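Trainee: Show me the folded form of this:
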Amino acid sequence: MPEMEVTERVRAAGPHLTAAERRVAQIVLSRPQLVGFGTVADLAAASDAGAATVVRLAAKLGFDGFSALQASVQDDLARQLRPAAERIREVGGDHPIERHRSAELSNVQATLDAVRGESLDAVVDLLADLARPVVVLAGEAERGVALQFANELAALRPDVTMVEGSAVAVGRQLALSMPHSTLLVVDLRRYERWVLDAAEQGRGAGHTVVALSDGLLSPLAMKADHSFVIAAGSVSPFDSHVGTLALLDLLVATTAERLRTTAADRLQRVEAAWAAATALTDG
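Mentor: Numbering: from 1, shown residues only. This is a model prediction of the structure:
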């Protein structure tokens, strides 16, 4: 599915927006129906901002007023209407398996569809650079999928570290990390303050920050050199991590392709060690 025109404009303008304008832009991205069929007052109220802020945002995004922004969003919604309607017809309130499948497939599709080729190439260049250590940190809820990513990447290349523990421990690990490392950070709204602080510390240390979060204007994405947007909708009370896992799998798979020769030798040595120790069994 083509990326929304408004999304691309928000991505370009993001660093130049005020805090209030970012709140409005986040509503534009997360609730396009409100923008497409509401009023300036509706958008201002939803984002806890003034009507003047809404108008200023439209201008900063290159639109000739709110009406032009609204028309663009309506066009984007029209292009997306059929797939959304098909998903709605497939979901029934009494069919939990179907509802769950629809939600998770949507998360994977939305997350991977939002990946830009140039961003993927730039981040894989960093992950495949054996001269640059990789440091991974994540919020508590995302720790499991981030740890899996760190373990898989460490099987492909050396110098991959998962940073975790108390704020003191995290601060110490980041302070002692090699200069100009690649810092990959995963967290979703509501963001853990220590994660944001650690990302800021890493950036201050000269690390390249790669953010995986739920919005282009999230406080984590705004601190990052490269960012990816994760869809985390769920039929349960908790965020889904399927989209996050799909994106991390993409990063691992693409890095493995880039490091094919050295990674193959590394994996063979690991397999030989496991075999010598009879560590695994099929029985």
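
Trainee: Quick check: the gap between the closest residue to residue 280 other than its chain neighbours and residue 268.
Mentor: Among residues not flanking residue 280 along the chain, residue 274 sits closest, at 5.5 Å (Cβ to Cβ, 6 or more residues apart in numbering). Yep, even glycine has a C-beta here, placed from its N, CA and C like the rest. Taking Cβ to Cβ, to the nearest Å as the measure, residue 274 and residue 268 are separated by 11 Å.

Trainee: Ok, residue 47 next?
Mentor: 54 Å.

Trainee: Compare those two (neighbour count), which wins?
Mentor: residue 47 (22 against 10; other Cβ atoms under 10 Å).

Trainee: what's near enough to touch the more buried one?
Mentor: 20, 23, 24, 26, 27, 53, 54 (Cβ atoms under 8 Å, 6 or more residues apart in numbering).

Trainee: ditto for residue 41
Mentor: Applying Cβ under 8 Å, 6+ apart, the residues near residue 41 are residue 51.

Trainee: what comes up buried for the helix or strand hosting it?
Mentor: Residue 41 belongs to helix 40-46 when assigned by DSSP states H and E. Within helix 40-46, the residues scored as buried using 16 or more other Cβ atoms under 10 Å are 40, 43, 44, 46.

Trainee: what does stretch 137-150 give?
Mentor: Within stretch 137-150, the residues scored as buried using 16+ other Cβ under 10 Å are 137, 138, 139, 141, 142, 145, 146, 149, 150.

Trainee: And those residues, which is closest to residue 128?
Mentor: Checking these against residue 128 by Cβ to Cβ gives residue 149 as the nearest, at 14.5 Å.

Trainee: Please tell me how far the residue lying closest to that closest one once chain neighbours are set aside sits from residue 113.
Mentor: Counting by Cβ to Cβ, 6+ apart, residue 149 lies nearest to residue 248, which is 4.1 Å off, once chain neighbours are set aside. According to Cβ to Cβ, residue 248 stands 16 Å off from residue 113.

Trainee: With neighbour numbers in mind, choose between the two.
Mentor: residue 248 (25 against 12).

Trainee: Let me know the pLDDT of that one.
Mentor: At residue 248, the model reports a pLDDT of 98.

Trainee: Now the phi/psi pair for it, please.
Mentor: Phi and psi for residue 248, reported as degrees, to the nearest 10, are phi -60, psi -40.

Trainee: Could you do residue 162 as well?
Mentor: According to degrees, to the nearest 10, residue 162 has phi -100, psi 120.

Trainee: what helix or strand does the nearest residue to it once chain neighbours are set aside sit in?
Mentor: Sequence neighbours aside, residue 150 is the residue nearest to residue 162 in space, at 4.3 Å (criterion: Cβ to Cβ, 6+ apart). Assigned by DSSP H and E, residue 150 falls within helix 143-156.

Trainee: again, but for residue 137
Mentor: Counting by DSSP H and E, residue 137 is found in strand 134-138.

Trainee: Residue 161 now?
Mentor: In the assignment (DSSP H and E), residue 161 maps to strand 160-162.

Trainee: where along the stretch 151-283 of the chain do the strands fall?
Mentor: With DSSP state E, counting those that start in this stretch as the criterion, the stretch 151-283 of the chain has strands at 160-162, 182-186, 208-213, 226-229.

Trainee: The first one packs against which elements?
Mentor: Strand 160-162 sits against strand 134-138, helix 143-156, with contacts defined as 3 or more Cβ pairs under 8 Å, 6 or more residues apart in numbering; DSSP states H and E.

Trainee: Tabulate those in TSV, adding columns for mean pLDDT.
Mentor: TSV is the format used below for these (pLDDT from 0 to 100):
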stretch	mean pLDDT
strand 134-138	95
helix 143-156	95
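
Trainee: export those to a markdown table and tack on distance to residue 193?
Mentor: Converted to a markdown table, the helices and strands packed on strand 160-162 look like this (distance: least, Cβ to Cβ, whole Å):
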| stretch | distance to residue 193 |
| --- | --- |
| strand 134-138 | 13 |
| helix 143-156 | 16 |
